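In: okay, structure incoming, though there's no sequence with it:
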């Protein structure tokens, strides 16, 4: 079964940027999924069970913290590795991400090498 990576961000440019950063993983059979809001992200996570989720915090319909909390605490989907991406780098935001159950927290603009390293590690490549 191929590994799946969900990129959830309300900005099309950010989704494209992350996908382009990780495009070399497609050669290894990685399937990319995208969502432009939190509600869609939650549905995709429940339906597709991606191995890795890059989740923007500030999104319409449902924010990233709420999506993360639902996945980790309510649905108990521990096998889904969630990286919260946000422009908000304050310690309070980081704590909120930890409480939501995020596995990793990255601030924008993100370092492409860090994105690649996390993806490789989580997917075992």
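Out: That came in fine, so what should we check first? All of these numbers come straight from a predicted model, not from anything done at the bench.
In: quick check: the residue lying closest to residue 120 once chain neighbours are set aside vs residue 42, distance?
Out: Using CB to CB, 6 or more residues apart in numbering and skipping residues adjacent in sequence, the residue nearest residue 120 is residue 25, 7.9 Å away. Heads up, the C-betas are built off the backbone N, CA and C, glycines and all. Separation of residue 25 from residue 42 (CB to CB, to the nearest Å): 24 Å.
In: which secondary structure state does residue 79 sit in?
Out: coil (DSSP: H, G, I helix; E, B strand; the rest coil).
In: any idea how far residue 17 is from the residue nearest to the spatial centre of the chain?
Out: The residue lying closest to the centre of the chain (CA atoms, centre = their mean) is residue 54, at 1.6 Å. According to CB to CB, residue 54 and residue 17 sit 11 Å apart.
In: ok, now residue 103?
Out: Counting by CB to CB, the gap from residue 103 to residue 17 is 21 Å.
In: which residues sit in contact with the residue nearest to the centre of the chain?
Out: Applying CB atoms under 8 Å, 6 or more residues apart in numbering to residue 54 gives the contacts 5-9, 18, 83, 85, 115.
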